[in-house]
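A.B. asks: below are the sequence and a predicted model; questions follow.
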Amino acid sequence: MKKKRLQPREEESEINLTPMLDVVFIMLIFFVVTASFLKETGVDVSRPQASTAVRKEHGNILVGITEDDEVWIDRHRVDIRAVRANIERLHAENPEGAVVIQADKAAKTGLLVQVIDQARMAGIADVSIAAVLRD
């Protein structure tokens with residue numbers, strides 16, 4: 001009688017990806033939650049310099065005024081008559097947000113005053129004008 005010799009089975013080696021995917025997912029959530037998203041007006045302006053400029057860090061509503069007297073909010077060109085409605089919409093999304101106006105130094109002062117007036121009529125008392133800190 002011949003004995004059958006049992007051959008050792010080859011073990012299938014697999015890498016379990018579940019723990020790695022869990023870690024990657026948790027890291028993704030961490031970075032999304034802790035990231036501060038930079039809001040932009042959608043236009044580059046040459047801001048004036050000021051010795052007393054103060055940095056504002058938290059959730060602001062940015063309004064840009066170009067040297068060609070165009071008003072930009074949230075990467076869209078906006079007519080002066082629609083500034084109030086846009087600011088009210090953004091203020092509803094971010095109730096603690098202040099309005100920061102990034103006006104080009106060649107922009108007309110009259111348009112700047114109109115934008116400030118529209119922001120205040122939208123119910124925002126904290127309106128600032130952005131400047132570059134002079135050394």
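C.D. replies: Everything's here; your move.

A.B. asks: give me the mean pLDDT for stretch 86-94.
C.D. replies: Throughout stretch 86-94, pLDDT has a mean value of 90.

A.B. asks: and it, which residues are buried?
C.D. replies: 86-88, 90-91 (16 or more other CB atoms under 10 Å). Every residue, glycine included, has its C-beta placed from N, CA and C.

A.B. asks: and for stretch 28-35, what's in contact with it?
C.D. replies: By CB atoms under 8 Å, 6 or more residues apart in numbering, no surrounding residue is in contact with stretch 28-35.

A.B. asks: mind checking which of the buried residues of stretch 86-94 land in strands?
C.D. replies: Applying DSSP state E to the buried residues of stretch 86-94, no entry is found in strands.

A.B. asks: using TSV, lay out these together with distance to Glu70.
C.D. replies: As requested, these are exported to TSV (distance: CB to CB, whole Å):
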residue	distance to Glu70
Asn86	14
Ile87	16
Glu88	20
Leu90	18
His91	22
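
A.B. asks: which residues of this protein score low on pLDDT?
C.D. replies: 1-12, 36-41, 57-59, 135 (pLDDT under 70).
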